[in-house]
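Enquirer: How does the following fold in three dimensions:
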Amino acid sequence: MRYIFPFLFLMIPALLYAQQYEYAASEAYPFGRPHPDAPKQLLDYESLIGECDCTSTRRNPDQTWGAPEDMIWRFSYIMNGTAVQDQTLKANGGHTGSIRQYIADSSKWYVHYYSNIAPSTRLSAWEGGMRGDSIVLYKEQKTPTGIDGFYRITFSDISQDGFNWIGEWVDPEETITFPTWKIRCRKRKQ
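Expert: Numbering: from 1, shown residues only. Below is the predicted model:
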């Protein structure tokens, strides 16, 4: 009997931890699960959760499109299933990521971006949400000549098979668009 008590003493914290973080990534759920008490908008990213093989193409300084670059884009539920994190892994060593939180008080997603190529003391943030079947996010950005506008990010054609992504500068009325980055992703079969 004296050996059972220490064993139980060690097991109780493990059991409490498992219950407290049951929606975090685990062997059974490597990308986590949505917490049932999280805002329903968390499911906006449901089809993106997992890993995708992607092709990224950026505009060159001379305004031509650069060579396509292969990358992996991984989306996971974090913070015990109450937020989404994504990470891009590129062969050239340039990696990026975002923490995505939906704030019900403003009815918007807030996306905080970070990069190992351009570390920052303050993370830049986009905000937005669903527009039809697409996720659309904005961040204020002037053109190099000082014209007001936004950098708009759009996830479109979202399905269990993958998605498309485009980053483009738009004027405040969104009548002028200038695409600068395109990504096409196909979901890895798990």
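Enquirer: Sketch out the strands for the chain, chain order is fine.
Expert: With DSSP state E as the criterion, the chain has strands at 50-58, 69-78, 83-90, 96-103, 108-115, 124-131, 134-140, 150-159, 162-170, 177-187.
Enquirer: which parts of the third one are buried?
Expert: Meaning strand 83-90. Residues of strand 83-90 classed as buried by neighbour count (16 or more other C-beta atoms under 10 Å): 83-86, 88-90. Where you see a C-beta, it was placed from the backbone N, CA and C, and this is true even at glycine.
Enquirer: Point out the least confident one among the residues you listed.
Expert: Checking pLDDT across the buried residues of strand 83-90, the minimum falls on Lys90 at 91.
Enquirer: so that residue sits right up against Glu69, yeah?
Expert: Yes: Lys90 is within contact range of Glu69, at 6.4 Å (criterion: C-beta atoms under 8 Å).
Enquirer: residues contacting Ser124?
Expert: Contacts for Ser124 were tallied using C-beta atoms under 8 Å, 6 or more residues apart in numbering; they are 112-113, 139.
Enquirer: Can you tell me which helix or strand of this protein has the lowest average pLDDT?
Expert: helix 4-20 (a mean of 51; mean pLDDT, DSSP states H and E).
Enquirer: Show me the shaky parts of this protein.
Expert: Low-confidence segments of the chain, defined by pLDDT under 70: 1-19, 190.
Enquirer: Neighbours of Thr57, how many?
Expert: Per other C-beta atoms under 10 Å, the neighbour tally for Thr57 reads 14.
Enquirer: Tell me what it is bridged to.
Expert: Beta bridges link Thr57 to Lys182 when assigned by DSSP bridges.
Enquirer: quick one, what contacts the residue nearest to Glu140 when sequence neighbours are not counted?
Expert: Distances taken as C-beta to C-beta, 6 or more residues apart in numbering place Phe150 nearest to Glu140, at 5.8 Å, with adjacent residues excluded. Counting by C-beta under 8 Å, 6+ apart, Phe150 touches 138-141, 169-170, 172.
Enquirer: Kindly report the same for Gly128.
Expert: Gly128 neighbours (C-beta under 8 Å, 6+ apart): 108-109, 135-138, 153.
Enquirer: Kindly indicate which of the residues you listed lies nearest Phe163.
Expert: Phe163 lies nearest to Ile135 out of these, by C-beta to C-beta, at 8.9 Å.
Enquirer: any chance of the contacts of Phe150 in a markdown table, plus distance to Gln41?
Expert: Output for the contacts of Phe150, formatted as a markdown table (distance: C-beta to C-beta, whole Å):
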| residue | distance to Gln41 |
| --- | --- |
| Tyr138 | 17 |
| Lys139 | 19 |
| Glu140 | 23 |
| Gln141 | 25 |
| Trp169 | 26 |
| Val170 | 23 |
| Pro172 | 25 |
